[in-house]
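Q: please work out how this folds:
(2 chains)
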Amino acid sequence: MSVSIHVENVVKQYGPVTIIPDLSVDIRNGEFFTLLGPSGCGKTTLLRMIAGFNSIEAGTIRFDEQVINAIPAHKRNIGMVFQNYAIFPHLTVRKNVEYGLQFREVSKAEMATRVDDILKTVRIDEYQDRLPERLSGGQQQRVALARAIVVHPSVLLMDEPLSNLDAKLRVEMRGAIRDIQKKVGITTVYVTHDQEEALCISDRIAVMREGVIQQVGGPQAIYARPANTFVATFIGHSNLFNATWSGGELRFAPGYACNLGDHMRSDAREGRVVAGVRPEEFHLSDSGTGLAARIVKTTFLGRYVNYELAFADATLRPDQAAIEFSQDVGTAKRVFEPGETIHLEVNPAKINVFSEDGISLMRGVAP
Amino acid sequence: MKLAKLSSSPRDFWFWTTLCIAALFIVFLVYPLFSLFTSSFVDPESGGFTLAHYAQFFKKRYYYRALLNSMSVTACVTVLAVLIGAPMAYLTSAFQIRGKRVIDVLIIVSMLSPPFIGAYSWILLGGRSGVITTFVSEYFGMQMPTIYGFTGILLVLTLKLYPFVYLYVSGALKSIDVSLSEAAESLGCDPIKKVFTIILPLVTPTVLAGGLLVFMNALADFGTPMLIGEGFVVMPVLIYSEFVSEMGGQANFAAALAALMVILTCLIFLGQKYVVNKKSFTMSALRPMKPTTLTPVPSALAHVFIYGLVFLSIIPQLTVIYTSFMKVNGVVFTSGYSLDSYRIIFDKLGTAITNTYLYGLAAILIIVLLGMLIAYLATRRRNLITSVIDTFTMFPYIIPGSVLGITLLLAFNKPPIVLSGTAMIIILAFVVRRLPYTLRSSAAILYQISPSVEEASISLGCSPMKTFFKVTAIMMLPGVMAGAILSWITVINELSASVILYTGGTRTMSVSIYTEVIRASYGTAAALSSILTLTTIVSLMIFFKLTGGKELAL
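A: Below is the predicted model:
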């Protein structure tokens, strides 16, 4: 039923503009795979190439062993959920869900049971005779999902399906989508620009930028060991410092260095590097050692306090939006005021080191 | 707060405006319609109440057959117009068709040109001594099927009216988001089934609305059946001939016929509204359909279909322009070309040309002023009176022109208000008939202007009246102008009401073309038609310039 998807060296061009120069990725059977990236990175383009709505200029896309390049969209047996849901406004909820089944050899009786089942699964059976105009955004979303799944597609494709919902509903729906996907066990390709959504919903994530996949991996792996500085700053926040790597020691400033043990790759060349430190990977130093930082701004967020910092002696990479340290309120002794100076140390087990051109130097990081 | 509002607002500028407009409506629309209905029940001899006029209509075959004729030809025109207009709209929207812009302009020109030049051009071509008829019988020895009667009306009206369906459906297709089409495909639907299961149901309400417009226009058309119908008498022709033959004595029978028409069109209009309301839904397209390229053979077929139809619909204009330059001897065409026809019309019919522009301009000024004020009242000061006015202004949309002509004449040819024979009554007919175009476009643009802009002006100390003219009216202008140009084009081409209301001194170009055709003076008729067509095209170009090539909203 469900298939694996193999994208091999595909190219997408619109006239003279190349959107995807050369992209390969394998999506496993039954997994929830997310394409994540800023707008214009080519993620929707890739999804629509898999769906059959965009042509493929070069390379191949296979479902299992079958090359699908030349198969028109309506014969690919896909289920697609559109950003605007694309619910047929002239059909009732039930008729919308039934729509795809009429093109498949399904008996009347089976059609009825399948539609009943899926309407219950997505919890919209009580609205089945309504016209879509009278449904809320979340309900329309469920209809779109039901309509795509009921045909038992080989793959489920979702193009930013939650971006039109309000924040609370978005959280609720992503849970629902995740549950239903696991229940049906169908290979799913999901496109989003929302990193939080990607982290919580996916089995694996491909981070894209300018038509190139930067990293593929599970949510935790990508967060903990980003393959390059783009991923490090796009997913979560990373403060980037200029540092030097020599003799097993990462030196931030003349007065502060830390020992990275065997977290670094053994072949990492000594010399100038970039250190990426997430706001929660700092901790206050009691002894007055570590990096001296002046607090520029304090933002109290309930569970933790976010500080914007200016460093006295460490040198920062240029063009960073803000340098941040977050302090867990549960364990904090007190909240600091702007203008105060604090001393910070980093957690050597967590921080990431990149070469000067931004490639990760950490052990076990596969791009 | 609420009390203060209630006690302070009723006496402002808009209160008096509402009052004035309501008065105008009572005098110029309600009162005439009321007199129409009452006079249809009046016995001309005794002056008492009678149902005799209605009884006479349903008893005599000659009379009720006109109604049956009207219904049958109108129904056929509507079906054909839909069968031509809707597929054409789909083809030009979904696929790449060469010269789509030119096609659109030609279609609009053929739709908006004077209503009966189609009839008389086809007579010139396919009539008894027409060019094609003569050619076919001379070279092939064959008899062409007659173009007079049912066939002729069907041909001419279909070619003139299918553009309504075409334009309506094209607009609706633009509002279908491409994701709906993609969703159907992603669910396994092939492109042909997609048209019937998704696209067609989505545009059905629009097809019905376009069909209604065709139906109303075909039912109301007077010029075409008058010229080409011959023995095939339809309602508007019957009303006209009864009215004209009975003028001076009594017009009560014609009034009864007119009243029947009003009731009939109202019923059809309400019925259509009911159906459409049940089926309608709102759509808006973030990504509208993009035309794709067809494979060579279907593409060639589509082009032949579309070019053929556009050519057929533009034939009347070509014929008219061509014949206007032919040499004439008296009223007979001779070989060679000349500007004689133009010379003659400027000598003899110059007033008709100036009348058309003068009355047209006067009507447009009133239409713009009324249109803006009523649109404002109906959108911003909604209450019982303003909504009644708003509904009533749409009424002339569905009253046939000849019926309106009779209605106005019956009401204003006797005290207290005598307007018959004046330019006033023609301008009045223009305003009443063509106000809806401007009114609609004004209301549409008002919905896009935030009320807070006015509130800002008032909060800065500007009175509501000054605010309207200094702020709101100026912001409304682009939308108003677009509607006004459409009103203008339809005003200068108006025939069916003015042919009843005109006198020697107040004839317009449309009326003159009609009378010239009746006298068989085709050269002068062609020259006048060419001037009218040229004015229409120039006005259309201004319209497109103003709206930045936007759709024509009818």
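
Q: ok, the closest residue to B:Ile107 other than its chain neighbours - contacts?
A: Spatial nearest neighbour of B:Ile107, chain neighbours left out: B:Pro163 (4.7 Å); criterion: Cβ to Cβ, 6 or more residues apart in numbering or on different chains. Using the backbone N, CA and C atoms, a C-beta is placed for each residue, glycine as well. B:Pro163 sits next to B:85, B:107-108, B:110-111, B:313 when contact means Cβ atoms under 8 Å, 6 or more residues apart in numbering or on different chains.

Q: if I look at B:Pro163, how far off is B:Ile314?
A: Counting by Cβ to Cβ, to the nearest Å, the gap from B:Pro163 to B:Ile314 is 11 Å.

Q: longest helix in the chain, please.
A: The chain I'm using is chain A. Longest helix in chain A, counting residues (DSSP state H): helix A:167-184.

Q: not quite, I wanted chain B
A: Ranked by residue count under DSSP H, the longest helix found in chain B is helix B:61-94.

Q: counting contacts, what elements does that one pack onto?
A: Packed against helix B:61-94, as judged by 3 or more Cβ pairs under 8 Å, 6 or more residues apart in numbering or on different chains; DSSP states H and E, are the following elements: helix B:52-59, helix B:150-174, helix B:200-220, helix B:235-246, helix B:296-324.

Q: quick one: which of the contacts of B:Pro163 has the most company?
A: B:Gly85 (27 neighbours; other Cβ atoms under 10 Å in any protein chain shown).

Q: please name the spatially closest residue to it (chain neighbours excluded).
A: Excluding the flanking residues, the one nearest B:Gly85 by Cβ to Cβ, 6+ apart is B:Val165, at 2.8 Å.

Q: same question, B:Ile84
A: Nearest residue to B:Ile84 in three dimensions, chain neighbours excluded: B:Tyr162, at 4.5 Å (Cβ to Cβ, 6+ apart).

Q: for the one you found, what are its contacts?
A: B:80-82, B:84-85, B:88, B:214, B:309, B:313.

Q: surely B:Tyr514 and B:Pro115 touch.
A: No. With contacts counted by Cβ atoms under 8 Å, B:Tyr514 stays clear of B:Pro115, the gap being 9.5 Å.

Q: overlap of the contact sets of the two?
A: With contacts defined as Cβ under 8 Å, 6+ apart, the residues shared by B:Tyr514 and B:Pro115 are B:223, B:495.

Q: neighbour-wise, which of these two wins?
A: For the pair B:Tyr514 and B:Pro115, the greater number of neighbours falls to B:Tyr514 (28 against 25), based on other Cβ under 10 Å.

Q: what's the helix or strand for A:Ser2?
A: Here A:Ser2 is covered by no helix or strand, with elements defined by DSSP states H and E.

Q: okay, now it: neighbour count?
A: Counted by other Cβ under 10 Å, the residues lying close to A:Ser2 total 19.

Q: kindly report the same for the one 5 residues further on.
A: A count of neighbours around A:Val7, defined by other Cβ under 10 Å, yields 22.

Q: so which helix or strand takes in it?
A: Under DSSP H and E, the secondary-structure element containing A:Val7 is strand A:5-14.

Q: wait, A:Gly290 sits on A:Leu344?
A: Yes. In this structure A:Gly290 lies within contact range of A:Leu344 using Cβ under 8 Å: 5.2 Å.

Q: please give me every residue in contact with the closest residue to B:Ile228 other than its chain neighbours.
A: Of all residues not flanking B:Ile228 in the chain, B:Gly152 sits nearest, at 3.8 Å (Cβ to Cβ, 6+ apart). For B:Gly152, the set of contacting residues under the criterion of Cβ under 8 Å, 6+ apart consists of B:119, B:122-123, B:126, B:146, B:228-229.
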